[in-house]
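1. need coordinates for the below:
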Amino acid sequence: MGLEYDMFISKLFSEADKKSIPLSGAFELTSRCTLDCKMCYVHRKENDCEAVKKEKDTQWWMKLIEEAKDAGMLMLLLTGGEPLLRKDFEEIYLNAKRNGLLVSVNTNGMLIDDEKVRFFADNPPQKLNITLYGASSDTYRELCGNGDAYEMVTDAIKKLHEAGVKIRLNCTVTQYNRHDVEKIHEFAKELKIPIQTVTYMFPPVRAGGEAPRLLPEAAAKLQFDCHMVDWGKEKFAKHLNAKANLARKPLETKSGSEAIPCRAGLSTFWVTWDGKMSPCGMMTTPMVDIPFFNHAWDVIKDSRARIFLPRKCHACELRNYCDVCAAVPLAETGHFSKIPEYACKKAAEYKKLCDEFMSGSG
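-> So this is what the prediction gives:
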């Protein structure tokens with residue numbers, strides 16, 4: 001059943017891509033959060049009065065749900081900040097479900113008490129994505145500014161799992177929690193909950209400042225180790241064989257540059273907490289105010305058509321080992337057309353580790 005569903009969604013996206021239909025969207029309901037994570041790209045405090053004033057009200061989001069649905073949106077991600085901070089979260093969430101949307105939620109899990117567990121059990125999301133930032137109170141204290149959050153979040157995960165709510169764990173690796181990755185994976189495996197580990201960290205361009213990220217070589221080693229643990233040697237070897245075969249196929253382009261390879265601005269979009277649309281949450285441009293949905297979508301999809309990756313990327317031997325997308329060079333260099341050196345170094349090291357593994361596996 002799961003495979004059939006995935007094939008159905010893939011087919012829907014394929015058709016949406018051809019017609020530039022906004023099949024999937026993310027609504028960033030708030031920039032505020034109960035944690036103070038060092039690497040956050042939104043990063044407003046829970047009691048930030050100025051942020052509250054700039055947030056869009058309930059009716060604005062309700063209207064956008066209707067307009068986006070009428071334009072073709074089927075899948076909706078409610079995110080933040082911490083979306084559960086909003087007093088009207090349940091109202092917005094239920095309205096989206098009543099409109100027939102497949103609704104997922106990103107949360108840090110801190111606000112999921114027994115009442116919220118019952119709410120999600122009675123009104124199941126398509127998926128509840130919970131970020132687990134560490135495997136101890138000390139890590140949460142150092143990275144997120146709140147040591148008590150660790151026990152609160154892991155307790156919420158266990159209760160949601162017991163209640164049958166579909167969960168996925170996310171783990172973003174920084175210099176502060178890199179030593180917790182194995183324990184985080186063990187926690188997920190024990191509960192049989194899928195986990196996604198992110199080893200490339202975007203510079204927090206929307207929030208300013210520097211990301212506490214690993215050196216590219218260390219990030220590559222961690223990516224390799226996580227894949228080995230997640231897939232096992234045999235499955236990982238098959239995956240790398242497929243990569244190698246794909247890498248031998250030339251990438252055909254009419255010009256010397258490659259258009260955006262993902263669906264951002266083609267069949268997916270992002271709406272910020274203060275009411276602007278962009279192709280994805282990690283892009284600071286193009287970004288447009290939303291007087292109404294169709295106007296903003298037209299601007300975004302037209303802008304996307306004029307964005308290309310750096311010329312060097314489309315023919316690069318590291319292309320299939322690289323994190324690069326349109327948002328990466330923009331975040332790393334401030335331009336879509338410049339080479340993101342951090343991503344290049346990470347990809348080179350990751351490929352080196354993969355090649356060494358394959359030569360040793362026989």
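2. any idea how far residue 237 is from residue 243?
-> 11 Å (C-beta to C-beta, to the nearest Å). All C-beta atoms are positioned from the backbone trio N, CA, C, and that covers glycine.
3. now residue 130: which helix or strand?
-> According to DSSP states H and E, residue 130 maps onto strand 127-131.
4. angle of whichever helix or strand comes after that strand against strand 127-131?
-> Towards the C-terminus, the helix or strand next in line after strand 127-131, according to DSSP H and E, is helix 137-144. Orientation check (axes from the mean of the first three to the mean of the last three C-alpha atoms, to 10 degrees): helix 137-144 against strand 127-131 gives 90 degrees.
5. so which elements touch whichever helix or strand comes after helix 137-144?
-> For helix 137-144, the following helix or strand on the C-terminal side (DSSP H and E) is helix 149-162. If contacts are counted by 3 or more C-beta pairs under 8 Å, 6 or more residues apart in numbering; DSSP states H and E, helix 149-162 sits against helix 114-122, strand 127-131, helix 137-144, strand 167-172, helix 181-191.
6. closest to residue 158 out of these?
-> If you check each of these against residue 158 by C-beta to C-beta, helix 181-191 wins as the nearest, at 7.0 Å.
7. quick check: angle from the closest one to strand 167-172?
-> Using the same axes, to 10 degrees: helix 181-191 against strand 167-172 is 180 degrees.
8. count of residues packed around the closest residue to residue 284 other than its chain neighbours?
-> Once flanking residues are discounted, residue 284 sits nearest to residue 205: 5.7 Å by C-beta to C-beta, 6 or more residues apart in numbering. Look at residue 205: counted by other C-beta atoms under 10 Å, it has 17 neighbours.
9. now residue 170
-> 17.
10. over to residue 235?
-> For residue 235, using other C-beta under 10 Å, the count is 12.
11. my read is it is in a strand, agree?
-> No. Counting by DSSP: H, G, I helix; E, B strand; the rest coil, residue 235 is located in no strand; its state is helix.
12. ok, it to residue 14 distance?
-> From residue 235 to residue 14 the distance is 26 Å (C-beta to C-beta).
13. adding distance to residue 226 and mean pLDDT, write the helices and strands packed on helix 149-162 out as a markdown table.
-> Listed next are the helices and strands packed on helix 149-162 as a markdown table, based on distance: least, C-beta to C-beta, whole Å; pLDDT from 0 to 100:
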| stretch | distance to residue 226 | mean pLDDT |
| --- | --- | --- |
| helix 114-122 | 28 | 98 |
| strand 127-131 | 15 | 97 |
| helix 137-144 | 17 | 97 |
| strand 167-172 | 9 | 95 |
| helix 181-191 | 7 | 95 |
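14. many thanks, I have nothing further to ask.
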